[in-house]
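J.: Return atomic coordinates for the entry below.
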Amino acid sequence: MRNLPRMIVCIVVALVLSSGAAFAAKKEEKNEYPNATRAEPKTEMSAATQKDLNKALDLINSNKDEEAQPLLQKVLDDQRKAFYSQLGD
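T.: You can find the predicted model right below:
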């Protein structure tokens, strides 16, 4: 019985905190740039790039870092090309 007031206070505090989170979640974000036409960049890799990356990771796991380095460089170059080609669209 001595801990009952503490338990009630804890329950009240928990309810207040959870209701505050509910009010914060309901807040709607205002679109400050409604006429913007920017498309989200794609983060997908081609099948060939994924294959090269997986092979490089297998080589790294096998302690063959020297063999993995050219494959990783190729993956980076492919991703760089894809990124810059999206900027030009």
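J.: use CA for all of it now, contacts and neighbours both
T.: Noted.
J.: how much space between E32 and K64?
T.: Separation of E32 from K64 (CA to CA, to the nearest Å): 51 Å.
J.: In terms of neighbours, single out the busier of the two.
T.: Higher neighbour count among E32 and K64: K64, with 13 against 7, using other CA atoms under 10 Å.
J.: Next one, pLDDT for that one please.
T.: With respect to pLDDT, K64 scores 91.
J.: same deal with the one 4 residues further on?
T.: Reading off the per-residue confidence, A68 sits at a pLDDT of 90.
J.: what's the answer for P41, then?
T.: So, for P41, pLDDT stands at 65.
J.: and the next element down the chain from the host helix or strand of L53?
T.: Taking DSSP states H and E as the criterion, L53 maps to helix 47-61. Once helix 47-61 ends, the next helix or strand along the chain (criterion: DSSP H and E) is helix 65-88.
J.: If we go by neighbour counts, what in that following helix is buried?
T.: Residues A68, L71, L72, V75, Q79, A82 are the ones in helix 65-88 that count as buried (16 or more other CA atoms under 10 Å).
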